[in-house]
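Trainee: Provide a 3D model corresponding to the input given below.
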Amino acid sequence: MPKAVTRSADERNSCVLKWLFLTVGVIATGFGIIGIFLPLVPTTPFLLLAAACFARSSERFHRWLVEHAHLGPMVRGYLEGTGIPRRAKTVAIAMVWLTVPPSAFLVVPLPWVRMLLLAIAIGVTIYLARFPTAPTDAP
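Mentor: Next up is the predicted model:
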């Protein structure tokens, strides 16, 4: 009678982590795509999360995301350390300030949540302003 193949605890944990990273990557990609169309949902951070998850779970999905015609450019500059285009940086900062303050003051009734939203907007602005800007000849 043949022996049953059993996996060690480390192999099972590795498999579970791989599937967890893959699942989070797919969900983050979905949110990133939604963020292209909805101004309050960030696109690039979700795509960067997806790239990080795919790098740990699936070379095929990672390659697909990084080489994608529309999604890839949002991720490649960050991954390569070459920066993001000035126009993308300007649009991102403008969208933060066109959407967060009106949301904070017109929709949110709690003062501490308003302050939290404004603090997040300031943090995102500082992060984007300090992130390297891609040379003008880069896509």
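Trainee: grab the nearest non-local neighbour of residue 92.
Mentor: Counting by C-beta to C-beta, 6 or more residues apart in numbering, residue 92 lies nearest to residue 128, which is 5.6 Å off, once chain neighbours are set aside. Every C-beta, even on glycine, is put in place using the N, C-alpha and C of the backbone.
Trainee: packing partners for the helix or strand hosting the one you found?
Mentor: Assigned by DSSP states H and E, residue 128 falls within helix 111-130. For helix 111-130, the packing partners by 3 or more C-beta pairs under 8 Å, 6 or more residues apart in numbering; DSSP states H and E come out as helix 86-106.
Trainee: please identify the buried residues of the helix holding residue 128?
Mentor: 114, 117, 121, 124, 128 (16 or more other C-beta atoms under 10 Å).
Trainee: tell me the angle it makes with helix 86-106.
Mentor: Angle of helix 111-130 versus helix 86-106, following axes from the mean of the first three to the mean of the last three C-alpha atoms, to 10 degrees, is 170 degrees.
Trainee: in terms of pLDDT, where does the residue nearest to residue 92 sit?
Mentor: The confidence metric pLDDT takes the value 83 at residue 128.
Trainee: swap in the one 10 residues further on?
Mentor: Residue 138 is assigned a predicted lDDT (pLDDT) of 43.
Trainee: okay, now the domains of this protein?
Mentor: The chain breaks down into these domains under automatic domain parsing: 1-80, 83-139.
Trainee: and those, which is most packed in?
Mentor: With neighbours defined as mean count of other C-beta atoms under 10 Å, these peak in mean count at domain 1-80, which reaches a mean of 15.
Trainee: which stretches of this protein have low pLDDT?
Mentor: For the chain, the stretches with pLDDT under 70 are 1-7, 9, 39-40, 136-139.
Trainee: try 80
Mentor: 1-13, 38-42, 44, 74, 84-85, 87-88, 91-92, 134-139 (pLDDT under 80).
Trainee: scan it for its longest helix.
Mentor: Ranked by residue count, the top helix of the chain under DSSP state H comes out as helix 9-37.
Trainee: what's the angle between the helix or strand following it and helix 111-130?
Mentor: Next along the chain after helix 9-37, taking DSSP H and E as the criterion, comes helix 44-57. Relative orientation of helix 44-57 versus helix 111-130 (the same axes, to 10 degrees): 70 degrees.
Trainee: many thanks, have a good one.
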